[in-house]
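**Q** Need a 3D model of the sequence below.
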Amino acid sequence: MYNGGKYFRESYGLGDVLLQARVQKSFLNETPIVFGIGLKLSNGKINMTDEFGDRISDNLQVGTGTIDPIFSIYSNRDIKRFILSGGIFTRISNGENIYGYQYGNEIQTLINLDYIENPLIYGGIQFSHLLSTRDYYEYGKISRDRGGENYFMTGKIGTKATDNLDFEMTLQIPIYQKLNESQLISPFIIQFGSLFRFES
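**A** All right, here's what the predicted structure looks like:
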């Protein structure tokens, strides 16, 4: 929809769920390093339609329609009242969905500085780099206007509802982008989420 010189894009629903197992090891100076391996499931909806009943673009669907392997490595260090952490997360594309669309691979690198002194409220700032390759459509055709590099700064504030449950809000702002061809971008992204920790 085009209105007053601005584009509005809308999609909603439950996206693809990530399942990941993690193993923690300590190395130099007892620095903890967490290795993760898992899957991005294909449960997200991929057949949403517009007001005319036509299926919207694949890159606007809340799901991808494929099961992809994911890998990660993270580490952190306490600095007085703060935690400095960083890591790498990657998703490897595992083929096309039922509509012949294949999403590109992606790798994300991030650095966090979080304040954790308060028992109820926490906050932090994150700098991240996202690199994604091009998508493919109709079983092998290169998709233009997809893929590239993004650098983001993200602020975070949250509250600890219980020992296992957190609620948080993040505000992400792009600070540099080098994208393929012409792509619509958001000046900022606000997200609300929750985190539940299972304990054995």
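
**Q** Which residue lies nearest the spatial centre of the chain?
**A** Centroid check for the chain by CA atoms, centre = their mean gives Q108 as the closest residue, at 8.3 Å.

**Q** Do a quick rundown of the strands in this protein.
**A** With DSSP state E as the criterion, the chain has strands at 2-3, 6-7, 18-26, 32-40, 68-79, 82-91, 106-115, 121-132, 136-137, 141-142, 148-160, 165-179, 189-196.

**Q** sorry, back to before: I figured the residue nearest to the centre of the chain was touching E149, is that so?
**A** No: taking CB atoms under 8 Å as the definition, Q108 is not a contact partner of E149, at 11.0 Å. From N, CA and C alone the C-beta is placed, and that goes for glycine too.

**Q** between those two, what contacts are shared?
**A** Jointly contacting Q108 and E149 under the rule CB atoms under 8 Å, 6 or more residues apart in numbering are H129, L130, L131.

**Q** Considering those residues, which is situated nearest to E168?
**A** Closest approach between the shared contacts of Q108 and E149 and E168, by CB to CB: L130, at 19.8 Å.

**Q** what bridges to the nearest residue in space to that closest one that is not next to it in sequence?
**A** Distance criterion CB to CB, 6 or more residues apart in numbering; nearest residue to L130, sequence neighbours excluded, is N150 at 4.4 Å. Note on N150: beta-bridge partners by DSSP bridges are L130, Q177.

**Q** who touches N150 in this structure?
**A** Taking CB under 8 Å, 6+ apart, one finds H129, L130, L131, P174, Y176, Q177, L179 in contact with N150.

**Q** between the residues you listed, which is nearest F89?
**A** Using CB to CB, the contacts of N150 come closest to F89 at L130, 9.5 Å.

**Q** Need the phi and psi values for E96.
**A** Torsion angles at E96 (phi, psi; degrees, to the nearest 10) stand at phi -90, psi 160.

**Q** Q102 is in contact with that one, correct?
**A** Yes: the pair formed by E96 and Q102 meets the contact definition of CB under 8 Å, at 4.5 Å.

**Q** out of these two, which sits in the busier spot?
**A** Remark: of E96 and Q102, Q102 carries more neighbours, 23 against 17, as counted by other CB atoms under 10 Å.

**Q** what are the bridge partners for that one, then?
**A** Bridge pairing for Q102 - DSSP bridges - gives Y136.

**Q** Just give me the neighbour total for G148.
**A** G148 is flanked by 17 other residues according to other CB under 10 Å.

**Q** typed the wrong thing, it's T133
**A** Residues within reach of T133, counting by other CB under 10 Å, total 15.

**Q** Residue numbering should commence at 20 henceforth.
**A** Sounds good: first residue 20 from here, last item T152.

**Q** Now it. Nearest residue, chain neighbours left out?
**A** In space, T152 is closest to G123, 3.6 Å off (CB to CB, 6+ apart).

**Q** For the protein, give me the ranges with low pLDDT.
**A** By pLDDT under 70, the low-scoring segments of the chain are 20-30, 219.

**Q** Provide a list of residues in contact with I86.
**A** If you count contacts by CB under 8 Å, 6+ apart, then I86 has L58, K59, L60, S61, N113 around it.
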